[in-house]
Every structure is written in structure tokens, then in C-alpha cells.
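Engineer: Based on what follows, work out the 3D shape:
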Amino acid sequence: MSLLLRLAADDDVAIVRRAVAAGDALSPGLVALEEIPAGHKAVLRDLPAAAEVRKYGQVIGVTTRAVRAGEHLHTQNLAFVDGGASASTAIGHGSVLELPADLRRTFMGYHRADGRVGTRNSIAVLTTVNCSAGVAKAIARRTDDAVREETGGRVDGVVALTHGTGCGMANSGPGWDILRRTLTGYARHPNIGGLVVVGLGCEINEMTGVLADLDLSPEVPLVSYTIQDAGGTKAAVAKGVEVVREMAESLAGQERREAGVDQLILGLQCGGSDGWSGLTANPALGVASDLLVAAGGSSILGETPEIYGAEVLLMRRALSGQVAQEVRDRIEWWREYTASLGTSLDGNPSPGNKAGGITTILEKSLGAVAKAGHSPLSAVVGYAQPVPTPGLTFMDTPGYDPVSVTGMVAGGANVLCFTTGRGSVLGSRPAPTLKLATNRQLARSMADDIDIDCSGIVEEGIDVAAIGRQIYDRVLEVASGELTRSEELGAGQEEIVPWQIGAVL
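Structural biologist: Sure, this is the predicted structure:
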């Protein structure tokens, strides 16, 4: 295989497959002028200062000085340029994937009274306020493994749905709405078979208001109480343990039954991205997403700061001008929001992203949107809002992984795929998370955390569609009860982090 990967004919850079030293031949007539790490960019032709640089056929930044062919292009000589979506965007509606004849169309899930289907059957201990988080976690610790074992896996354990707010905040406005919407989304999630709500007793986010929002089906057992009414922490924990064990007995008779993939909502998330993300795991996940959407299911793409610079690629696939405008509006909100805080959207790439070969947010976004494949964009929703229709939905979330995933789960995602190039240990109970490695080194060094190795696309020339089909099939297996690596490790209790907007009072 060639040492260089050039992604589009007019690109000014190419990715090096392996680390090279100064003097190494990159291609006929092109020599490395300095050390270039694997996954990073080599300059293909001399460029003057302030020149636009293209990768994926799109601008990823401008040179800060003149650069020569064979140089390493990165933070030392490439800068972010703030552009934004073009004024005119042709609506193309995307493309619907033709489904293979042998594609699996069903999974085994838990059918709920409201018509939705869960991929897990968990008991949740939901908190109204941070003050009751300790009690909720203690209840989960004392019952999680026992409930799973005693019910023979018919109940998938106990998860503490805790958060860091619920008091010291205004009881109206965007921050309040997001918190209540998130708590409601988790409480009513199809993966929750029973619910315990624990409060302190004097918080702004009062128990009565929370319960009024829930409007649970009568078939879902619900018990609520406050620590103050229970007689303190010890008594509240003991009460919760007793309640959870009783719920587990009532849920143990529930069984998985066949359901169509139209009942699946797949969350698409990336974290710890690197130079390989946009070439391997992300486009492969895009294929899996396209298969699911074409078969009648739903996918959620989020992380608004991580589509910046690539938003036009989504807008062109919008089913209507209104949907395209909603994407544009979300980008503009984030540009103003970050500017008001003295930063820009280019503050998103982390040190790990940059060590992995990503230089600017524009470059990161072009790889990130690949997770959504090529399906038409059917809707745009706010953070933690329910997915309104089958198909591809964009949800306005921050790029920070646990906050973004929390919004998707609250919006109904009952299974997630998380691509990573640097390594992540994220779970997302009560929704299972499959982690996809972008490169071979990561897949081997963190094997206990990785579900699927997508590096064969680059390492062995495996077709992206073949890995995408593998991901799709694995999603259905996990939806039917197969455990993910994060579930085997017991991860996923700490990733419930609602987006906090507004004053802390």
C-alpha cells in the first residue's frame, strides 16, 4: 500500500500511514522534510502564507507561513479560519441506501405499553437533586449485581440516574427546561422497566413537579420519596434497596420478543478522535446508520460544535428548507455563544485530538459528520427532545461526550455507537454503548474496552461497507441482549451529565 492517503484529488495534504523520519520517501518525488507521526498530514505541494489548505476536498484552515512539500502540517503552521455556512445551499435530500437482500430486520427487545421497545430492562433510581445522588448510588451499588443474578438476567441491573443540579438554579428558563426534559426522557425511556425517584425534600426541583412531568404508563412500577421524609441517609438507602428488590421480582417475568428495527434509535457519538476517525470508524458507522434508516429505524447525530465547517454537507441533505435553516440557526447560536465567552468553536479540539493528527475544528467536523452516512436529514431537535420521526435526526448537543450522550439517551436512543481514536471508557446505562476503534494500535492496547476494530479499512483495504455491515449486525445483537464491553466492565453509571445552561444561584 502507498505510504500516503490522499482523500480528494485537489487536496493539499495527505495522511501518512506510519510514522516517518526526515529523509524518508513519501511518494515518487516527495521526501519527508521532518518527522511526521502516523495519522498526521504531509504537505503535498509548496504553499504560500495565508493559503487555504484542503483535506477531504474541503478547506480545513490557512497556512500561518509558507510551507514546503514534505513538511508536517499541524498546529505549528496551520490556523483556523472562521467561515460558516455558505449563504446558498441546494437541498439535495441525501440518498437512501439500497438494502441487501439478506439484511436482518428484527431484534429481540422488551415491548412497552406505549408501543416502544427497550433493548434493556433496567430499574432506575432517579434523583431530583444532587443532594440525593449519594443515596441513589448507594442503592444501585447494593442491588445492581444481585438483581441481575437473582432474575437470571431478566432485569439488566440497577442504574443510578444522578446529576449535579436541581437546586441553586432558576426555576424557569433554558437551563431549567433542559434539566426537566432530561430527567423525564430518562425516566420514560423504554429501557427502564421500573423507577424509584429519590429527592432531598427542600430542593427547587420539587418532587411533585418532577412526578407531574413523568406521566408514566401504569405498567411501569414507580416509587418516590425524600431523604428527609425517610428519616435520613441510612433509612433512605435501606428503603430504596427494599423497593428495588420488590420491583425486580415483579419485572423478572418479562421476556424479550421479536421487534422490527423501526423500533431502534441509534445514537452516533465520537470521542477522542484522531487522524483516522474520518477514514475508518466514522464512515463505517455512517454505513450502519444508513442501513438502519433505510430499514425504517432512526439515528441521532449530535455535537453541534463538531459539525461546524461541515454543516453545509448536512444542510444539502435536509428534507426541507426549514430543516436546513434549523441547522444554520443552531450553528449561529453556537458562534455567538462561544464568542460571548471569549472563545471560538476552534476551542473544541482537545490535546488528544491534536496529538492524533487533527489540527482545527474544520478538519475534525469533516470527519465527524461521516458518522451520519448519506441519509436524508429529516429533523432537527433541541437537547434531550424526543426524536419526532424515523430517519436521521440532528440533535443540538455540546461536543463533550457525556453531555452529548445524555441528550441522545433522553431523546430516546436505546443503543449507541461511540467511535474513538485515542481511547474512551464511556458507557451510557441504561442504553448500551458499542465502542469502535479507528486504528489498530488502540484496538490492541485497549482491547477490553473496544467492541469493533475498524482499522482494517486502512490497514488491509477492507471495504468501508463491509465494516459498516458488521457494525449494523452487531448493533442488532446488542439490542437483543448481547453485552457490550462497557457493560461487562460495569461502566456507564457516571456518564449522565445534563447540559447546564444558566445562572448558578
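Engineer: just the strands in the stretch 401-505 of the chain please.
Structural biologist: Assigned by DSSP state E, counting those that start in this stretch, the stretch 401-505 of the chain shows strands spanning 415-420, 433-437, 452-453.
Engineer: Hmm, Ile204 is touching Gly168, no?
Structural biologist: Yes: look at Ile204 against Gly168 with C-beta atoms under 8 Å: they come within range, at 7.4 Å. Any C-beta I mention is one placed from the backbone N, CA and C, and that applies to glycine too.
Engineer: between those two, which one's more packed in?
Structural biologist: Set Ile204 next to Gly168 and count neighbours by other C-beta atoms under 10 Å: Ile204 wins out with 16 against 12.
Engineer: Let me see the contact set for the spatially closest residue to that one that is not a sequence neighbour.
Structural biologist: Spatially, and ignoring its direct neighbours in sequence, Ile204 is nearest to Cys167 (4.9 Å; C-beta to C-beta, 6 or more residues apart in numbering). Residues counted as contacts of Cys167 (C-beta atoms under 8 Å, 6 or more residues apart in numbering) are Val129, Asn130, Cys131, Leu200, Glu203, Ile204, Asn205.
Engineer: Of the residues you listed, which is the most crowded?
Structural biologist: Counting neighbours by other C-beta under 10 Å, Val129 leads the contacts of Cys167 with 27 neighbours.
Engineer: That one touches Gly201, doesn't it?
Structural biologist: No: under the criterion of C-beta under 8 Å, Val129 makes no contact with Gly201, lying 9.3 Å away.
Engineer: show me the contacts for the nearest residue to Ala9 once chain neighbours are set aside.
Structural biologist: Closest residue to Ala9 apart from its sequence neighbours, by C-beta to C-beta, 6+ apart: Gly57 at 7.6 Å. If a contact means C-beta under 8 Å, 6+ apart, then Gly57 has Leu7, Ala8, Ala9, Asp10, Asp11 as its contacts.
Engineer: May I ask you to confirm that the fourth one is in contact with Val53?
Structural biologist: No: because the distance of 11.0 Å does not satisfy C-beta under 8 Å, Asp10 is recorded as not touching Val53.
Engineer: Of these two, which one has the most company?
Structural biologist: Val53 (26 against 8).
Engineer: isn't there a helix covering the more buried one?
Structural biologist: No: per DSSP: H, G, I helix; E, B strand; the rest coil, Val53 lies outside any helix segment and is strand.
Engineer: That one pairs with what?
Structural biologist: Judged by DSSP bridges, the bridge partners of Val53 are Gly61.
Engineer: so it touches Ile60, yeah?
Structural biologist: Yes: between Val53 and Ile60 there is a contact under C-beta under 8 Å: 5.8 Å.
Engineer: Distance from the helix or strand hosting Gly240 to the middle of the chain?
Structural biologist: Assessed by DSSP states H and E, Gly240 sits inside helix 233-251. The chain centre lies 32 Å from the centre of helix 233-251; the measure is C-alpha atoms, centre = their mean, to the nearest Å.
Engineer: same question, stretch 156-175
Structural biologist: What separates the centre of stretch 156-175 from the centre of its chain is 20 Å, taken as C-alpha atoms, centre = their mean.
Engineer: Pull out the buried positions in it.
Structural biologist: Within stretch 156-175, the residues scored as buried using 16 or more other C-beta atoms under 10 Å are 156-163, 165-167, 169, 175.
Engineer: Take those residues and lay them out in CSV including pLDDT and distance to Val147.
Structural biologist: What follows is the buried residues of stretch 156-175, written out as CSV (pLDDT from 0 to 100; distance: C-beta to C-beta, whole Å):
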residue, pLDDT, distance to Val147
Asp156, 96, 9
Gly157, 95, 6
Val158, 97, 6
Val159, 97, 11
Ala160, 97, 13
Leu161, 97, 16
Thr162, 96, 18
His163, 95, 23
Thr165, 95, 28
Gly166, 96, 26
Cys167, 96, 30
Met169, 93, 33
Gly175, 93, 34
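Engineer: Narrow the residues you listed to those in helices?
Structural biologist: Gly175 (DSSP state H).
Engineer: Can I get the buried residues of stretch 156-175 in TSV including distance to Asp449?
Structural biologist: As requested, the buried residues of stretch 156-175 are arranged in TSV below (distance: C-beta to C-beta, whole Å):
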residue	distance to Asp449
Asp156	20
Gly157	19
Val158	23
Val159	19
Ala160	22
Leu161	23
Thr162	23
His163	25
Thr165	29
Gly166	31
Cys167	35
Met169	35
Gly175	33
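Engineer: Sitting in strands, which of the buried residues of stretch 156-175 do you find?
Structural biologist: Under the assignment DSSP state E, the buried residues of stretch 156-175 contribute Val158, Val159, Ala160, Leu161 to strands.
Engineer: Out of those residues, flag the one nearest to Leu489.
Structural biologist: Val159 (14.5 Å; C-beta to C-beta).
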